[in-house]
Structures are given as C-alpha cells and as structure tokens.
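# give me coordinates for this.
(one chain, ligands or ions: 1)
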Amino acid sequence: MRVDIEDLDVHRGGRPVVSGVSIPVPPGTVLGLLGPNGSGKSTLLRAVSGIASPSSGRVRFDGADISFLSRREIARRVAVMAQEHSEEFEIPVLDLVLLGRIPHGKGFGRDSDHDIAIAEQALDRVGAAHLATRSFSALSGGERQRVLFARALTQDTPVLVLDEPTNHLDIAHQVELVDLVRSADRTVLVALHDLNLAARYCDTVGVLDGGRLRSLGPPERVLDTDLIRSAFGVESTSVAHPRSGRRHFIFDARTPEPGPDTDRPIPTEEGSSTP
Ligand SMILES: Nc1ncnc2c1ncn2[C@@H]1O[C@H](COP(=O)(O)OP(=O)(O)OP(=O)(O)O)[C@@H](O)[C@H]1O
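Alright, predicted model coming up:
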C-alpha cells in the first residue's frame with residue numbers, strides 16, 4: 001500500500017511541531033525517519049497512524065485521505081508500535097498479541113483457531129514463542145518490545161508504523177528485528193536513532209529538524225558528515241565497511257557551539273587533537 005504525506009502541519013501544546021512535511025512512501029518500501037530529540041518524528045508517525053490530527057495537509061493510504069476513514073478502517077491498514085506504552089497489563093502475552101486481531105473480528109467473542117495460529121506464528125517470528133503464557137507486565141523491556149512487534153505483525157496490515165522499535169533490544173535482537181521488518185513485505189515508516197542501522201535497512205531516509213523535513217532520499221545520498229554535523233551537532237568520520245564496502249559512520253565528538261571557543265581543537269581518544 002502506498003502512503004503519501006502531503007504538506008502536513010501538526011500542532012502540539014498550541015505550537016507547530018511538524019511543519020510542511022511532504023513524503024511519498026511507495027508500496028513495500030521502508031522509510032526511516034531520523035532527527036534529533038524533539039524534531040517531530042513521533043508526532044509525524046502519530047499523524048500517519050491517525051492518532052494525531054493534522055492542523056493542515058493530509059495523509060493518504062492508496063489515495064484515500066485517512067481523515068475520512070473510520071478507526072477500524074485505519075486499523076486494518078496500519079499497525080503501530082509506539083515508543084512509549086503504558087501497557088502494564090497483567091494479561092498473558094498471547095492474549096495481548098491477539099488484540100492485534102480486533103480490527104478483523106466481527107465483534108466480541110472467542111478468538112478463532114485462525115487468529116490464534118496467526119498470533120502464535122508472529123510470536124515465533126520474533127523469537128518470543130516461549131513467552132506466550134507469561135504475564136506481559138513481568139517481561140523485560142526488550143521482551144516487551146518483541147511482543148509488541150508480534151502484536152503489530154498479527155494485525156496483518158499493509159502498513160507498519162514503528163517508533164524506535166530497536167529501543168531496549170540487545171544487538172542480536174536489533175538485527176533480527178530489522179531483518180524481519182525488511183522481509184515483512186509491507187510499507188514501513190520507522191523512526192530510528194541509529195544512523196548506521198537506518199543506512200543499512202531503509203530504502204529512503206527523511207531527516208527532520210525542528211519539525212521540518214531537512215532532507216529526503218536514499219541513505220547513501222542523504223547521510224554524510226556535513227548533514228550529521230548540521231542536524232545532530234556531532235562530528236563524524238565516514239568509513240567504508242570492510243566487508244560490504246557500504247558507508248559507515250563513526251561518531252567522534254559533539255560539534256563545538258559557535259562562539260569564542262569554536263577554534264579549539266577537538267580532543268581524540270589518544271589524547272592528541274584534531275584541528
Ligand atoms: N502532547 C504534547 N504537548 C505539547 N508538546 C508536545 C506534545 N507531544 C510532543 N510535544 C513536543 O513536540 C515536539 C516533537 O516531539 P516528538 O515526540 O514528535 O519528537 P521526536 O523527534 O519523536 O523526539 P524523540 O527523538 O525524543 O523521541 C517536542 O518539542 C515535544 O516536546
């Protein structure tokens with residue numbers, strides 16, 4: 001399913017936090033949203049999921065403006081894995097994952113064998129089958145994250161919205177999750193802080209800064225040391241990955257604030273300094 005974000009403005013707390021953002025996301029591609037804390041990534045994703053209402057502009061799923069879709073119609077198109085979740089549910093993991101089937105159900109009633117099979121398969125895919133009978137509230141941060149991803153997969157939507165999905169995950173599970181995202185054959189919008197992960201897994205990256213889209217395009221075109229300096233305030237070195245040859249960033253130091261100390265050399269680990 002195609003997602004189009006068109007000239008979107010979103011206000012929070014009476015001020016604009018997303019301004020004039022337009023991003024076309026072709027079907028089956030992965031868009032990575034990058035940007036410093038508070039740059040508007042979550043707010044943009046909330047608008048794409050129909051949770052936050054834009055003050056102007058629109059989001060379209062295959063051409064349909066989501067402001068004209070019912071909650072159920074939206075939930076059949078997009079599954080959300082939010083950054084913060086208040087789910088201190090004392091319910092078994094499998095039941096939580098089965099909540100993902102609600103938009104497909106005909107009302108309240110017993111879960112069908114088909115629904116249970118989909119939920120179990122999703123738990124298996126995220127390596128959490130062994131957690132099925134545990135209480136969600138008793139899981140670790142990374143285990144919760146994987147269960148919530150299983151719930152999003154169980155919703156079986158053409159679009160996935162993931163807000164920092166690798167938060168809390170150890171490196172093996174980070175790699176596993178992004179591989180799963182890539183192989184899920186869905187249209188994915190994902191907020192990430194790890195620029196190297198984004199460069200490796202996203203077809204397109206959009207860099208937000210102060211609510212505005214600063215740059216949009218393939219990671220190899222968008223991400224460079226100048227952009228990292230100006231958007232994130234960090235000095236970096238770009239190196240070719242020894243095996244893949246892909247560009248990889250090593251982060252060196254915060255860019256000095258402009259002012260009288262700007263010319264001070266940046267200290268390096270060895271104690272020497274670079275001008
Ligand atoms: N409910 C709210 N009321 C007031 N301001 C809000 C609200 N939600 C978000 N904001 C503000 O909107 C701006 C963008 O926040 P948002 O969470 O979208 O940023 P983000 O890029 O996802 O940040 P992070 O990387 O820290 O998760 C921030 O300045 C934030 O303080």
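# residue contacts, Phe249?
Contacts for Phe249 (C-beta atoms under 8 Å, 6 or more residues apart in numbering) come out as 195-196, 199, 223, 225, 228, 236-239. C-beta coordinates here come from the backbone N, C-alpha and C atoms, glycine included.
# repeat for Ile118
Counting by C-beta under 8 Å, 6+ apart, Ile118 has contacts 101, 154, 156.
# so where does Pro256 fall, helix or strand?
Following DSSP states H and E, there is no helix or strand that holds Pro256.
# I misspoke; the intended subject was Glu73.
When secondary structure is defined using DSSP H and E, the element that contains Glu73 is helix 71-75.
# now Arg46
Taking DSSP H and E as the criterion, the element that holds Arg46 is helix 41-48.
# which residues touch that helix?
3, 5, 8, 10, 12, 17-18, 21, 33-35, 52-54, 59, 78, 80, 82-83, 161, 163, 189, 191, 208, 211.
# do the same with stretch 1-8
The list of residues contacting stretch 1-8 from outside it, by C-beta under 8 Å, 6+ apart, reads 18, 20-27, 44, 47-48, 54, 56-63, 77, 158-159, 187, 189.
# buried residues in that stretch, which are they?
Taking 16 or more other C-beta atoms under 10 Å as the neighbour-count basis, stretch 1-8 is seen to contain the buried residues 1-5, 8.
# check which helices and strands the helix holding Glu73 is in contact with.
With contacts defined as 3 or more C-beta pairs under 8 Å, 6 or more residues apart in numbering; DSSP states H and E, there are no secondary structure elements packing on helix 71-75.
# hang on, the earlier thing: are any of the contacts of stretch 1-8 buried, and which?
In the contacts of stretch 1-8, burial by neighbour count holds for 18, 21, 23, 25, 44, 47-48, 54, 57-59, 61, 77, 158-159, 187, 189, counting by 16+ other C-beta under 10 Å.
# list the beta-bridge partners for the residue nearest to the spatial centre of the chain.
The residue lying closest to the centre of the chain (C-alpha atoms, centre = their mean) is Val190, at 2.3 Å. On the basis of DSSP bridges, Val190 takes part in beta bridges with Gly32, Leu162.
# residue contacts, it?
By C-beta under 8 Å, 6+ apart, the neighbours of Val190 are 30-33, 160-163, 165, 181, 202.
# partners of the helix or strand Ala79 falls within in the sheet?
Here Ala79 sits within strand 78-81, counting by DSSP H and E. Within its sheet, and counting by DSSP bridges, strand 78-81 is paired with strand 159-163 (parallel).
# tell me how far the closest residue to Glu235 other than its chain neighbours lies from the ligand.
Leaving aside its chain neighbours, Glu235 sits nearest to Asp252 (4.4 Å; criterion: C-beta to C-beta, 6 or more residues apart in numbering). Applying C-beta to the nearest ligand atom, to the nearest Å, one obtains 21 Å for the distance of Asp252 from the ligand.
# Ala191 now?
From Ala191 over to the ligand the distance is 6 Å, taken as C-beta to the nearest ligand atom.
# and for Gly57?
16 Å.
# do the same with Gln174
Between Gln174 and the ligand the computed distance is 17 Å (C-beta to the nearest ligand atom).
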